[in-house]
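Trainee: For reference, the sequence and a predicted model appear below.
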Amino acid sequence: MASPGARLASLAHGDVTSLEIVALGAQPAGKVARSGTVWLRKEGNGVGSVTATVAPATESNVILWFRTFGAIAGSGFRRYATYRQAAVAGAVTNTVFGFLRCYVLLAVAGAAGGAAGYDREQLATFVWAGQGLLAVVLLWGWTDLADRIRTGEVASDLLRPVHPVTSYLATDLGRAGWAGVSRLLPPVLVGPLFFDVHLPARWPTVPLFVTSVLLAVVLSFGCRFLVNATAYWLEDVRGPQILWVLASGMLAGLYFPLPFLPDAVYLALQFGTPFPSLLQIPLDVLVERDSTATQVGLVAVQVGWAAAVLALCRLVQRRAERRLVVQGG
Amino acid sequence: MSVIEARNLRKEFTVRVRAGRLRREKRSVGAVDGIDLLVARGEMLGYIGPNGAGKSTTLKMLTGVLTPTSGEVRVCGLRPVPERTRLALRIGVVFGQRSQLWWDLPLRDSFDLLRHVYRVPAAEHAARLRRCRDLLDLDGFLDTPVRQLSLGQRMRGELTAALLHGPEVLFLDEPTIGLDVVSKQAVRGFLGELGRAGDTTLVLTTHDLADIERLCRRLVVVDHGRVVHDGTIAALHDRYGSRRLVVADLDAALPEPPELPGAPLRRVEAEGHRLVFALESAGAAEVVAALAGLASLRDISIVEPDIEEVVARLYAGPGGLPETFGRAGITS
């Protein structure tokens, strides 16, 4: 059992303006004064409570926030890591489809040796990295929130002291971390064994690519959250889900690289919709299709979309909570 | 000081009803219709009512999950919906019908995650967890993923999860639903101990009235979204005239039903071999003595008033109770 003083010290990260500690063990009741008034009282059941009013917006609050966020992300990693057979099956599927897509695109490039500004090596990298990123960004197959809304379990999410968008985002980053290990590596390691691939030649490409993937995960999460959140109004998300699967597959650059489209159309998609930011942009950054300045510009587009979609998620969540009907019981 | 204050609390849901082939009409359905509730710190409150009476809806409004249509609510001095995140740090909630734990994680990991989510200092967390492990006997399944736990084990896990941040108020929505006798006893014993300590306020909704009888001194009965009784269990018995019963088994049926002063005959069963008397002003000893003089007794027993019967009649509707209750129904 830590001494009251030690526990006080551990609590007093911020400027504690008032603090009430309910003791857990057989400590004597008493009064202690330490940067404010502190009441200690014994509680017989041993399941005590601590109420602390901490001065807002101190640096330590930010640290605590990140610690909470990190813990939720870590649990997301562990939760998804329990499903190992699913990860193996998924990685095999992604790899097999990698061969298929790679042969098709190389056939398109044909004798000319390139297409839409990509050479053969860049196309191979585009396909194999894309196959790996598919599960990291996770365009499809996430209905956790919609399921919880349908069953009413979303009520427990609202009873946590963390905003639902924040906790779902943290969990998703943990999931993406696990996918990075289990789903990204296999295709990325297998592809170069059978095809000539383009490897990054400029050092800024690497940090830009990592940032771009992170932003793509955040943005993809936001889009999935919005699709799932329609369940607050519709109770069944199959309709929006199908639209999302169609649009994201086509417009994110999964079925074919978007520069295959006319320039005007591609630009309109890039700035006017979030889809290219999900997959096309990270892959373009990786294959160094453009100058470093353009790469930075592409990542900036992603930042804009990620911020806008997250803000929209919070707005939608607030509207949803106002009209929420918790199903059953 | 009241931990929970609700004044004229209302919740209406809008439902769409078919009104013709294609037309749908909006109709509003009142789930909670003007509830007033004051709960003091450390109180153990049983909140009961038939299905659809508005129990869970009230609980959801008190915890900030649902926005009330109108009325005033304060829990721990906070307004539940606008200050939900702050309130979440000070209350614990257990839903018997749904899980708050993470399906894919072992209990131990869930508890550890909760420590970070609620930002509980490590020593504090460890002490509370140790206490719950002892009282609820969690050690056998701390490392089992939640999806593999039995219902009874999961419920013990849920209780622990709701208490690890040391809540001031614990809301329990049917915590013993579907549990076997042993698990029910474990849960009740634990809650009883928590309540006796007097620091945690408990609000318990249930359909199992034995939970209420064991745990709660105060009972609030709601029906059709309104409070129909607020008081002790004894007050409920008094109000509806439920009495202790003397059940006498006779060797031979009496030619005519006996009349005992202060103890009217409630029922005649087994073709006159069993007589059931209600103890109004007469004591059990007087009735037994009087009966012994009238007939040869084979067996005698005294039955405590049955809360389920009172509540069943209470649910059946206003006015239904006084006429039917306390009248001798001949069922032979």
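Mentor: All right, it came through fine.

Trainee: if I read this right, B:L275 contacts B:P258, doesn't it?
Mentor: Yes: applying CB atoms under 8 Å as the test, B:L275 and B:P258 come out as touching, 7.4 Å apart. No exception for glycine: its C-beta is placed from N, CA and C like everyone else's.

Trainee: what is in contact with these two at once?
Mentor: Counting by CB atoms under 8 Å, 6 or more residues apart in numbering or on different chains, the residues touching both B:L275 and B:P258 are B:265, B:291.

Trainee: what about these two, which has more around it?
Mentor: B:L275 (24 against 16; other CB atoms under 10 Å in any protein chain shown).

Trainee: Hmm, B:K184 and B:E174 touching each other?
Mentor: No: taking contacts as CB under 8 Å, B:E174 lies outside contact range of B:K184: 11.6 Å.

Trainee: any shared contact partners between the two?
Mentor: Among the neighbours of B:E174, those also in contact with B:K184 (CB under 8 Å, 6+ apart) are B:D208.

Trainee: quick check: domain ranges of chain B?
Mentor: Following automatic domain parsing, one gets these domains for chain B: B:42-63+B:79-238, B:242-330.

Trainee: list the helices and strands the helix or strand hosting B:V247 packs on?
Mentor: Assigned by DSSP states H and E, B:V247 belongs to strand B:245-250. With contacts defined as 3 or more CB pairs under 8 Å, 6 or more residues apart in numbering or on different chains; DSSP states H and E, strand B:245-250 has these neighbours: strand B:274-278, helix B:284-294, strand B:297-303.

Trainee: Tell me where the model's unsure across the chain.
Mentor: Let's take chain A. Across chain A, the ranges flagged by pLDDT under 70 are A:1-59, A:325-329.

Trainee: hmm, I had chain B in mind actually
Mentor: Ranges of chain B meeting pLDDT under 70: B:317-332.

Trainee: Spatially central residue for it, please.
Mentor: Centroid-nearest residue in chain B, with CA atoms, centre = their mean: B:T206, separated by 3.7 Å.

Trainee: separation between that one and A:P259?
Mentor: Distance, B:T206 to A:P259, by CB to CB, to the nearest Å: 63 Å.

Trainee: now swap in A:A306 and tell me
Mentor: For A:A306, the distance to A:P259 - CB to CB - is 22 Å.

Trainee: ok, now A:R318?
Mentor: Per CB to CB, A:R318 is found 38 Å from A:P259.

Trainee: More neighbours: these two, which one.
Mentor: A:P259 (17 against 11).

Trainee: what's the nearest residue to the more buried one if we skip its chain neighbours?
Mentor: In this structure, A:P259 finds its nearest non-sequential neighbour in A:A116, 4.2 Å apart by CB to CB, 6 or more residues apart in numbering or on different chains.

Trainee: do the same with A:G180
Mentor: Nearest to A:G180 is A:V136, by CB to CB, 6+ apart, at 5.4 Å.

Trainee: And for that neighbour, the neighbour number?
Mentor: A:V136: 23 neighbours (other CB under 10 Å).

Trainee: ok, now how distant is it from chain B?
Mentor: Separation of A:V136 from chain B (CB to the nearest CB, to the nearest Å): 19 Å.

Trainee: list the contacts for that residue?
Mentor: A:V136 makes contacts with A:176, A:179-180, A:183-184, A:213, A:217, as judged by CB under 8 Å, 6+ apart.

Trainee: Could you rerun that using 10 Å?
Mentor: Taking CB atoms under 10 Å, 6 or more residues apart in numbering or on different chains, we find A:V136 in contact with A:175-184, A:213-214, A:216-217, A:220, A:279, A:282.

Trainee: taking those one by one, which sit in helices?
Mentor: Residues of the contacts of A:V136 located in helices (DSSP state H): A:175-179, A:213-214, A:216-217, A:220, A:282.

Trainee: near chain B, anything from the strand or helix carrying A:I63?
Mentor: Per DSSP H and E, A:I63 falls inside helix A:59-81. Yes: using CB under 10 Å from any CB of the partner chain, helix A:59-81 comes into contact with chain B via A:61, A:64-65, A:67-72, A:74-76, A:78-81.

Trainee: Go ahead and build a ChimeraX selection from the buried members of those.
Mentor: Buried residues among the residues of helix A:59-81 next to chain B (16 or more other CB atoms under 10 Å in any protein chain shown), as a ChimeraX selection:
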select /A:64,68,69,71,72,74,75,76,78,79,80,81
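
Trainee: Now do the same contact list for whichever residue of the stretch 1-150 of chain B sits closest to chain A.
Mentor: Taking CB to the nearest CB, chain A has its nearest neighbour within the stretch 1-150 of chain B at B:H116, 3.4 Å off. Going by CB under 10 Å, 6+ apart, B:H116 touches A:64, A:67-72, A:74-75, A:162, B:125.

Trainee: before we move on, which element is it in?
Mentor: Assigning secondary structure by DSSP H and E places B:H116 in helix B:107-117.

Trainee: contacting residues for the residue of the stretch 201-332 of chain B at minimum distance from chain A?
Mentor: In the stretch 201-332 of chain B, the residue that lies nearest chain A is B:T205 (9.9 Å; CB to the nearest CB). Taking CB under 10 Å, 6+ apart, we find B:T205 in contact with A:329, B:45-49, B:53, B:55-56, B:58-59, B:96, B:171-175, B:211-212, B:220, B:222.

Trainee: just B:R226 next, same as before
Mentor: B:30, B:32-36, B:49, B:53-54.

Trainee: Now tabulate these in TSV and tack on distance to chain A and secondary structure.
Mentor: Below are the contacts of B:R226 laid out as TSV (distance: CB to the nearest CB, whole Å; DSSP: H, G, I helix; E, B strand; the rest coil):
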residue	distance to chain A	secondary structure
B:G30	14	strand
B:V32	13	strand
B:D33	17	strand
B:G34	20	strand
B:I35	18	strand
B:D36	23	strand
B:G49	13	coil
B:A53	12	coil
B:G54	12	coil
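
Trainee: And these, which of them are buried?
Mentor: By 16+ other CB under 10 Å, those give B:30, B:32-33, B:35, B:49, B:53-54 as buried.
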